[in-house]
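*Asks:* how would this look folded up:
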Amino acid sequence: MEDISTRSLSLTRTLDAPRELVWQVWTDPQHVVNWWGPDSFTNTNQSMDVRPGGLWRFVMHGPDGTDYKNLIQFIEVTKPERLVYAHRGEDETADIHFHATILFEEADGKTRLSMQMVFQTAEELRRVADEFGAREGAVQHLARLAAYLATMT
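*Replies:* Next up, the predicted model:
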């Protein structure tokens, strides 16, 4: 089995919300635009089809006014346990490609969320981490999710 540790970024966080709610907030376009991404980013959802083969198109608006077009293709959708998707920019020339696996585990009325992003190479992970602050951005991403969930429970 291949060792992907040098080209993957993994995070785990226990969220103070039931698994069904966390799943809903992650997969419903009316919710996800309210928390997705690092601090100070906002989102415009263009379309979101959460099913195997379905696409999610959205634009992340950076605090400096830069727009980042995103395209996600869902590979596996097992409600409310697991999402697997491929991320890339809006077109094939965009340069941030990774596969993500999100696990939603029941934990005594809370949800243990595990997120793993696997890049094509270790160099690609380093580039995204250095150029875009991917590690800190992922931590902020889950913190925003937790804060949003706190407004709902």
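
*Asks:* going forward, measure contacts and count neighbours with C-alpha atoms only.
*Replies:* Noted.

*Asks:* counting contacts, what elements does the helix or strand of the chain with the lowest mean pLDDT pack onto?
*Replies:* For the chain, counting by mean pLDDT, DSSP states H and E, helix 122-132 ranks last in confidence among helices and strands (a mean of 85). Packing contacts for helix 122-132, counted by 3 or more C-alpha pairs under 8 Å, 6 or more residues apart in numbering; DSSP states H and E, involve strand 8-15.

*Asks:* Residue 100: what secondary structure?
*Replies:* Classification of residue 100 using DSSP: H, G, I helix; E, B strand; the rest coil returns strand.

*Asks:* Tell me which helix or strand residue 44 sits in.
*Replies:* strand 42-48 (DSSP states H and E).

*Asks:* What residues sit buried inside the least confident helix or strand of the chain?
*Replies:* By neighbour count on 16 or more other C-alpha atoms under 10 Å, the buried set for helix 122-132 is 124-126, 128-129.

*Asks:* what's the angle between it and strand 8-15?
*Replies:* Angle of helix 122-132 versus strand 8-15, following axes from the mean of the first three to the mean of the last three C-alpha atoms, to 10 degrees, is 60 degrees.

*Asks:* Please pull up the helix or strand immediately following the top strand by length along the chain.
*Replies:* The longest strand of the chain (DSSP state E) is strand 67-78. As assigned by DSSP H and E, the chain's next helix or strand after strand 67-78 is strand 82-89.

*Asks:* That following strand pairs with which strands, and in what direction?
*Replies:* Sheet pairing of strand 82-89 (DSSP bridges) gives strand 67-78 (antiparallel), strand 98-107 (antiparallel).

*Asks:* Serialize those strands to JSON lines and add fields for mean neighbour count, distance to residue 134 and mean pLDDT.
*Replies:* Output for the strands paired with strand 82-89, formatted as JSON lines (neighbours: other C-alpha atoms under 10 Å; distance: least, C-alpha to C-alpha, whole Å; pLDDT from 0 to 100):
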{"stretch": "strand 67-78", "mean neighbour count": "18", "distance to residue 134": "14", "mean pLDDT": "94"}
{"stretch": "strand 98-107", "mean neighbour count": "19", "distance to residue 134": "12", "mean pLDDT": "96"}
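
*Asks:* do you know which of these lies nearest residue 115?
*Replies:* strand 98-107 (4.6 Å; C-alpha to C-alpha).

*Asks:* The helix or strand just after that closest one versus strand 98-107: what angle between them?
*Replies:* Next along the chain after strand 98-107, taking DSSP H and E as the criterion, comes strand 110-119. Counting by the same axes, to 10 degrees, strand 110-119 lies at 170 degrees to strand 98-107.
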